[in-house]
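>>> A structural model of the following input is requested.
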Amino acid sequence: AGKCIYMYIFALLIAILPFLNNKKKIYKVLSIILIPLGLFSFFLTTYNSISIESIHSLTYYSYTKSFTKTIDILKKEYVLNEHKKIDYDYLYNKYYPLIEIAEKNKDEQLFFKTMYEFANNFRDCHFSFGVTDSTFEKTVRKYAFVNDYSNKNYGFGSILLSDGQVIAVMVDQNSEAYQKGLRDGMTITKKDNTNVSELIKDVIKPIDSYPVLEDELLFNSLYLFATGDEYIDITFINDNNEYVTIQVHETNDYNSRPEDLLWKIMYYDEEAENLETKMLDDNTGYIYISDEQYSSLGGTIGYIFDDSSYLTKVVDKKLEELKSNGMENLIIDLRANAGGYLTESEAIASLFTKDNYMVSKFAKYNSNNFSKSYLKGNGRYSDMKIIVLVNSDTASAGDALTYMFSKMDNVSIIGFTNSNHSCQSIGGFILLSGGSYISYPVYKNYDEKNNVFIDTDYTGKATIELDYRVPLTQDSIIDLIQTEEDYDYLLNYALQLID
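Below is the predicted model of the structure:
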């Protein structure tokens, strides 16, 4: 709807013209104004519409037929098939039998669940399965299947440390696990006699998968003991360095530990507005960038002409205000940056470098007619010491901005996790049964060396390296868990580094 606002305005203005038809002069003047405006609005709306360029409706097909057709469409249109080495034969053989059962039993929830798990294999933030309905309450009910991925409580949580160990955390002192010797910080080696290092690779979460493997494994570890049977066996190393195996039963209580741990790692100020600024101390400024969609009209025009310099001026003015208050260093917060227009990322980055280069070029999956986008640095703050905060929800144009910052000598990028690493352009949409759908990127995006721009390949290795990954140790995790709910651990960590 936001992208079509220009047409809405035009339609509203046209609607009032009949009431002015007795005032010929006014009618003529308004016509002269409105006709060009209407043409321009139509152009902008049409141009925006290419963001959904490949739409396929499979809503009237059976579950099995729609699944088969979905695979055929993705084989042709998904732009990272080769880069990620997507094995469609494997996916078909794994999920088709479940789709058959869902069809036979008319089990909509099983169909949704199977398609959700199918989509998670692509490990791409721009590739997603979703469900929608006429009301929020009905939509929530259709997502009931995700409860299967976090429906057990054994009295403790778990997390993967930077050294590869999985430790117990948030052990309830009234739990069976605690009574049998499990304590916070103890290393867990097995669940039901299987090494956790193997189990952690195949955990399915009630949140989307992440492209960078080390981050995906971290988030998987939070849900390692959120599912299972009525009772499970766990093996851990106690304080005497002895291997102990115990059996614990589920408590039937709601288990919030995975979400609580996830929030601690991914924390950001939800109340902060885009481009909000403040002084953190006498000489360190702060700006939060939640997305690269500061203005719908300005962003669209900037996208068309590869120039969002209007935003450069907006950000520059805010930074100048910080400088007038004594700013010498700057922390730029990109956590949970939802993306937007690449040109707006370039406009922001231009303030911090003197470099000029092609950032990326993109074209549809079946075309080599590339459009190019450039960074034109003005370097106003290129001598300032800067720290950029990211997390795994820093995605799309937020990823691109992180990429540009990573090329600057005066900037250090830190986080508990990498940025998301999803930067191909969305445009594919498959409508499925029951209000469900799959969206996916159909525009390939390359860098100046003709490499895939930012997205991880089949290995899951990050392409934008953090300058400093905050280590998750036994001590730091316990410290993190014990902080207040709204304590910004990463921001305070960055402030100590910059000072």
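>>> thought Ala272 was touching Tyr288?
Yes: Ala272 lies in contact with Tyr288 (Cβ atoms under 8 Å); the separation is 4.4 Å. In short, each C-beta sits where N, CA and C put it, glycine included.
>>> joint contacts of these two?
Overlap of the contact sets of Ala272 and Tyr288 (by Cβ atoms under 8 Å, 6 or more residues apart in numbering) consists of Asp333.
>>> comparing those two, which shows the higher neighbour count?
Neighbours were counted for Ala272 and for Tyr288 using other Cβ atoms under 10 Å; Tyr288 has more, 22 against 18.
>>> give the contact list for the more buried one.
Contacts here follow Cβ under 8 Å, 6+ apart; on that basis Tyr288 touches Tyr268, Asp269, Ala272, Glu273, Asn274, Leu275, Glu276, Thr277, Asp333.
>>> and Ala177, that's in a strand?
No: assigned with DSSP: H, G, I helix; E, B strand; the rest coil, Ala177 falls outside any strand and is helix.
>>> where's it relative to Val248, distance?
5 Å (Cβ to Cβ, to the nearest Å).
>>> between those two, which one's more packed in?
Comparing Ala177 with Val248 by other Cβ under 10 Å, the one with more neighbours is Ala177, at 24 against 21.
>>> for the more buried one, list the residues it contacts.
Per Cβ under 8 Å, 6+ apart, neighbours of Ala177: Tyr154, Gly155, Phe156, Ala168, Val171, Ile234, Ile246, Val248.
>>> mind redoing it with 7 Å?
If a contact means Cβ atoms under 7 Å, 6 or more residues apart in numbering, then Ala177 has Tyr154, Gly155, Phe156, Val171, Val248 as its contacts.
>>> the first one: what's its closest spatial neighbour, skipping adjacent residues?
Among residues not flanking Tyr154 along the chain, Val248 sits closest, at 4.9 Å (Cβ to Cβ, 6 or more residues apart in numbering).
>>> what helices or strands is the strand or helix carrying the one you found leaning on?
Per DSSP states H and E: Val248 is located in strand 243-249. For strand 243-249, the packing partners by 3 or more Cβ pairs under 7 Å, 6 or more residues apart in numbering; DSSP states H and E come out as helix 176-179, strand 231-237.
>>> Leu389 against Leu334, yeah?
Yes: counting by Cβ atoms under 7 Å, Leu334 is a contact partner of Leu389 at 6.3 Å.
>>> do you know how far Asn420 is from Leu98?
Counting by Cβ to Cβ, the gap from Asn420 to Leu98 is 28 Å.
>>> and for Gly339?
For Gly339, the distance to Leu98 - Cβ to Cβ - is 32 Å.
>>> and the two? Which one has more around it.
A count of neighbours by other Cβ under 10 Å puts Gly339 above the other of Gly339 and Leu98, at 24 against 19.
>>> look up phi and psi at that one.
Backbone torsions of Gly339, given as degrees, to the nearest 10, read phi 90, psi -160.
>>> next: Thr456.
For Thr456, the backbone dihedrals (degrees, to the nearest 10) come out as phi -70, psi 150.
>>> for it, which non-adjacent residue is spatially closest?
Per Cβ to Cβ, 6+ apart, closest to Thr456 is Pro211, 4.4 Å.
>>> which residues touch the one you found?
Arg123, Asp124, Cys125, Asn420, His421, Ser422, Asp455, Thr456, Gly460.
>>> tell me which residues in stretch 157-168 are buried?
Residues of stretch 157-168 classed as buried: Gly157, Ser158, Ile159, Leu160, Leu161, Gln165, Val166, Ile167, Ala168 (neighbour count, 16 or more other Cβ atoms under 10 Å).
>>> contacts for it?
By Cβ under 7 Å, 6+ apart, stretch 157-168 touches 156, 169-170, 182-188, 196, 200, 217-218, 221-222, 224-225, 236, 257-258, 261, 471-474, 477.
>>> which ones among those residues lie within helices?
Residues of these located in helices (DSSP state H): Val196, Leu217, Leu218, Ser221, Leu222, Arg257, Pro258, Leu261, Gln474, Ile477.
>>> closest to Lys364 among those residues?
Comparing the ones in helices among the contacts of stretch 157-168 against Lys364 with Cβ to Cβ places Leu217 closest, at 33.6 Å.
>>> correct me if wrong: the closest one contacts Leu199.
No: taking contacts as Cβ under 7 Å, Leu217 lies outside contact range of Leu199: 10.8 Å.
>>> what residues are up against Lys191?
Lys191 neighbours (Cβ under 7 Å, 6+ apart): Leu199, Leu224, Phe225, Ile232, Ile234.
>>> again, only using 8 Å
Leu199, Leu224, Phe225, Gly228, Ile232, Asp233, Ile234.
>>> what sits against Tyr61?
Tyr61 touches Lys69, Ser433, counting by Cβ under 8 Å, 6+ apart.
>>> can you tell me the SS state at it?
Per three-state DSSP, Tyr61 ends up coil.
>>> same check on Asn369?
Look at Asn369: counting by three-state DSSP, its state is coil.
>>> give me the neighbour count for it.
6.
>>> if we can go back for a sec, and the residue nearest to Thr456, which of the three is it?
State at Pro211, reduced to three classes by three-state DSSP: coil.
>>> pLDDT wise, what is it at?
You'll see Pro211 listed with a pLDDT of 97.
>>> how close does it sit to Thr459?
Counting by Cβ to Cβ, the gap from Pro211 to Thr459 is 11 Å.
>>> what of Phe111?
Taking Cβ to Cβ, one finds Phe111 at 31 Å from Thr459.
>>> okay, the two: which has more neighbours?
Phe111 (25 against 9).
>>> ok, and the closest non-adjacent residue to the more buried one?
Closest to Phe111 by Cβ to Cβ, 6+ apart is Ala102, at 4.1 Å.
>>> that neighbour: neighbour count?
22.
>>> same deal with the one 5 residues further on?
By the measure other Cβ under 10 Å, the count of residues near Asp107 is 15.
>>> before I go, just wanted to say thanks for your time.
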